[in-house]
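Student: here you go, sequence then predicted model.
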Amino acid sequence: MKAIVFDLDGTLIDSVGDIGAALNQMLAQNGCTPLTLHTVTSFIGKGSSNLVKRVIDAVGLPDDDASHARYLAEFLHIYTKESAGLTTVFEHVHEVLTGLQQSGMLLGLCTNKPAAPTQIVLDQFGLASFFSAVVGGDRLPTRKPDPAMLHLVMQELAVDHCLFVGDSEVDVATAKAAGMPVALFTKGYRQTPVAELAPEFHFDDYRVLPAIAERCFSGFNNR
């Protein structure tokens, strides 16, 4: 079977508005000034714990383990309640996922976002039914770029190979660590030039993804 596994934030959805709002509410509760969305975007990618760590370091809040745990809990409480109000789905995602699913492609999701807000977003935007396997950032002890999450999605899809679709340095590193090709969506949260990351494929319009998938799986068949 052919399978495509997707990242979520910055790949299928633009969620930085809600993430930034939740972080800034947490900061306000602790007497700090808000961060710009540009700054928040640069911190996204390695999971909520890392995100909060970078935020509290940036604003000078205490970063001992107990303080970090409290700020993380505050952020997740706020974000889980308000995770879809400012979020949008990237153009053509629904139609392309529909076409891929109808063609018999297995689809999975591998995200460092925790399971609760992931499910809220998937349900809110009508994306949940596309995915036969979903692994969130609190499922395993490790997170992307460790390949274990991607390997687990592949295991649940019962496939040995997949195309991984992501938007960031973390996603490219995850695919490379897992030994899988990556298609980089270039309108997400990446900071590094595409050429420097050297993904097997890259695109800025979802309508070309089916053709990329065909090229990718033709390569698998020729191995």
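Tutor: Arrived safely.
Student: and for residue 124, the neighbour number?
Tutor: By other C-beta atoms under 10 Å, the residues close to residue 124 number 15. C-betas here are computed from N, CA, C, even on glycine.
Student: what's the closest non-adjacent residue to it?
Tutor: residue 84 (4.1 Å; C-beta to C-beta, 6 or more residues apart in numbering).
Student: give the other helices and strands that the longest helix anywhere in the chain contacts.
Tutor: Longest helix of the chain, by residue count under DSSP state H: helix 65-81. If you count contacts as 3 or more C-beta pairs under 8 Å, 6 or more residues apart in numbering; DSSP states H and E, helix 65-81 packs onto helix 16-29, helix 48-59, helix 115-124.
Student: which strands and helices sit next to the last one?
Tutor: Using 3+ C-beta pairs under 8 Å, 6+ apart as the contact test, the elements touching helix 115-124 are helix 65-81, strand 133-135.
Student: just to revisit the earlier point, and the helices and strands packed on helix 65-81 as a markdown table, adding distance to residue 194 and mean pLDDT?
Tutor: Output for those, formatted as a markdown table (distance: least, C-beta to C-beta, whole Å; pLDDT from 0 to 100):
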| stretch | distance to residue 194 | mean pLDDT |
| --- | --- | --- |
| helix 16-29 | 20 | 97 |
| helix 48-59 | 23 | 95 |
| helix 115-124 | 26 | 96 |
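Student: between the ones you listed, which one is nearest to residue 153?
Tutor: Closest approach to residue 153 among these is made by helix 115-124 (12.8 Å; C-beta to C-beta).
Student: let me have the helices and strands packed on helix 115-124 in CSV, adding mean neighbour count as columns.
Tutor: Shown next, in CSV, are the helices and strands packed on helix 115-124 (neighbours: other C-beta atoms under 10 Å):
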stretch, mean neighbour count
helix 65-81, 16
strand 133-135, 22
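Student: now render these as JSON lines, adding distance to residue 44 and mean pLDDT.
Tutor: Formatted as JSON lines, the helices and strands packed on helix 115-124 follow (distance: least, C-beta to C-beta, whole Å; pLDDT from 0 to 100):
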{"stretch": "helix 65-81", "distance to residue 44": "12", "mean pLDDT": "96"}
{"stretch": "strand 133-135", "distance to residue 44": "18", "mean pLDDT": "99"}
